[in-house]
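1. Provided below are the primary sequence and the corresponding predicted coordinates.
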Amino acid sequence: MSGILYLVATPIGNLEDITLRAIRVLREVDFVICEDSRRSGMLLKHLDIKKPLRTLHDHTQKSGLEALVLEIKNGAQAALVSDAGTPIISDPGFPLVRELVRLGVKIEAIPGPCAFVSALIVSGLPANEFTFIGYLPQKETARRNRLQEFAGEKRTLIFYESPYRLLKALKDMAEILGDREASVSREMTKKFEETTRGKLSEILSYFESKKVLGEFAIVVKGNE
């Protein structure tokens, strides 16, 4: 009999955002699959849960992925968590899920925090239809080409960005998408949570005047 993989959403900052169901599942599984054992270990310690941790990230060898698949296929119950938020969303783990789906192994989602959803609902921009794009390419030409693909998109656009590339991304957005209404949220649910709203040029000017820290979710109004 095959086992089960739970996709468990974890807090994106505030540890009070863990759900009761997530805590129960983490206590019941045989092991936890994580991106960074140090970060996930801190969460489990906070919850007073002791479970073996198996790492799975972009550099995991094929043999490591196959071992996890075999273990779950043979009856193990496992939980997949990301460093923060909902697994699979701009995080490692998709190859594992895809292979277990192919084998007919049961997969169950344990919903919870998701950074881009939180950023969208506080943005003040239309949330009835949206397109989540995630991280843009690091290199300038590839980033600008990617933005050009969405220049005509009428739905609200949502991106993730690191502090190291935020200014470049905002500048390219203003040039390629136009100086649209936007919202930039950083450090969602954490002590220094902040959401800045306005035209892309205004938001760019704001962040150019200060030290850029934290992880960012950028919400941009669609093409009218």
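-> Yes, it's here. Residues are numbered from 1 along each chain as shown.
2. going forward, measure contacts and count neighbours with C-alpha atoms only.
-> Fine.
3. which outside residues touch the helix or strand of the chain with the lowest mean pLDDT?
-> Sorting the helices and strands of the chain by mean pLDDT, DSSP states H and E puts helix 62-73 at the bottom, at a mean of 92. With contact meaning CA atoms under 8 Å, 6 or more residues apart in numbering, helix 62-73 is reached by 1-5, 56, 78, 96, 99-100, 103, 105.
4. want to throw the residues you listed into a markdown table with distance to G13 and secondary structure?
-> Below are these laid out as a markdown table (distance: CA to CA, whole Å; DSSP: H, G, I helix; E, B strand; the rest coil):
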| residue | distance to G13 | secondary structure |
| --- | --- | --- |
| M1 | 37 | coil |
| S2 | 34 | coil |
| G3 | 30 | coil |
| I4 | 27 | strand |
| L5 | 24 | strand |
| L56 | 21 | coil |
| A78 | 23 | strand |
| L96 | 26 | helix |
| E99 | 30 | helix |
| L100 | 30 | helix |
| L103 | 35 | helix |
| V105 | 31 | coil |
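5. S162: neighbouring residues, count only.
-> 18 (other CA atoms under 10 Å).
6. Let me see the contact set for the residue lying closest to it once chain neighbours are set aside.
-> Once flanking residues are discounted, S162 sits nearest to E215: 5.3 Å by CA to CA, 6 or more residues apart in numbering. Residues in contact with E215 (CA under 8 Å, 6+ apart) are 160-163, 186-187.
7. switch to 7 Å and redo it
-> 161-163, 186-187 (CA atoms under 7 Å, 6 or more residues apart in numbering).
8. Next step: those residues restricted to strands.
-> Of the contacts of E215, the ones assigned to strands by DSSP state E are 161, 186.
9. where's A127 relative to L170, distance?
-> According to CA to CA, to the nearest Å, A127 and L170 sit 21 Å apart.
10. Look at those two and report which has more neighbours.
-> Between A127 and L170, L170 has the larger neighbour count (other CA under 10 Å), namely 22 against 16.
11. Appreciated, that's everything.
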